[in-house]
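Asks: Below are the sequence and a predicted model; questions follow.
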Amino acid sequence: MSDKPRAVKVSPYDCEIIPLSQRMNFKLVDPTTCGSKHLTFGMVIVEPHGTCEPGHVHDDQEEIFFCLSGHGIVVADDDHKEIPVAPCEAVFFKPGVYHSLKNPTDIPLQVLWILSPGGWVFDRNPGLKKIAEEPEKSKKQGVVHTSLDKSQ
């Protein structure tokens, strides 16, 4: 057997669907799925009039949202400004930048997301996933930081 690196094909049809309140997430490329060492990549489908709550901040990761289909609103920065996004548009977040996503339309919103360094927000903070599964808790939650510090 060779230790030579090999390409790995990933598909949302072959991975675990992670249902959360008002959206479905697909973790495609990650240290836990295919051994990625430097990034995590996935897709979220936000239901019509849905939101991705709670909003959060990555203390040590950069993130990109890339809109595939639909029209959404990225909620970002300390002032929670609203940034409209449409297909083929991206929004970049440096570490420490608050962000969330909402779909104000009647059709699903598909957005790709990329994190670097690797590590998915809900793997890093399992308690945050529980909050994201329940819409009432999500709406009441304040800004969440996603560092690896377990004391939060």
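Replies: Perfect, I can see it now. Numbers count the residues shown, from 1 in each chain.
Asks: mind listing what Ser69 touches?
Replies: Contacts of Ser69 were listed using Cβ atoms under 8 Å, 6 or more residues apart in numbering, and they are 87, 108-110. Bear in mind the C-beta positions are built from the backbone N, C-alpha and C, glycine included.
Asks: how about a cut-off of 7 Å?
Replies: Counting by Cβ atoms under 7 Å, 6 or more residues apart in numbering, Ser69 touches 87, 110.
Asks: Repeat that for Phe41.
Replies: Phe41 sits next to 28-29, 114 when contact means Cβ under 7 Å, 6+ apart.
Asks: Which residue comes closest to it once chain neighbours are left out?
Replies: Val29 (4.0 Å; Cβ to Cβ, 6 or more residues apart in numbering).
Asks: pLDDT score assigned to the one you found?
Replies: According to the prediction, Val29 has pLDDT 95.
Asks: Could you tell me which residues make contact with it?
Replies: Val29 touches 10, 36, 39-41, counting by Cβ under 7 Å, 6+ apart.
Asks: From those, which land in helices?
Replies: If you go by DSSP state H, those have nothing in helices.
Asks: Mind checking which of those residues land in strands?
Replies: The strands, defined by DSSP state E, take in 40-41 from those.
Asks: Could you rank the contacts of Val29 by neighbour count and give me the top one?
Replies: Within these, most neighbours by other Cβ atoms under 10 Å means Thr40, with 25 neighbours.
Asks: contacting residues for it?
Replies: Taking Cβ under 7 Å, 6+ apart as the criterion, Thr40 is in contact with 29-30, 115, 118-120.
Asks: let's see it at 6 Å
Replies: For Thr40, the contacting residues are 30, 115, 118-120, by Cβ atoms under 6 Å, 6 or more residues apart in numbering.
Asks: now those residues as JSON lines including neighbour count and distance to Asp77?
Replies: Shown next, in JSON lines, are these (neighbours: other Cβ atoms under 10 Å; distance: Cβ to Cβ, whole Å):
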{"residue": "Asp30", "neighbour count": "20", "distance to Asp77": "27"}
{"residue": "Leu115", "neighbour count": "23", "distance to Asp77": "18"}
{"residue": "Gly118", "neighbour count": "19", "distance to Asp77": "24"}
{"residue": "Gly119", "neighbour count": "20", "distance to Asp77": "23"}
{"residue": "Trp120", "neighbour count": "22", "distance to Asp77": "23"}
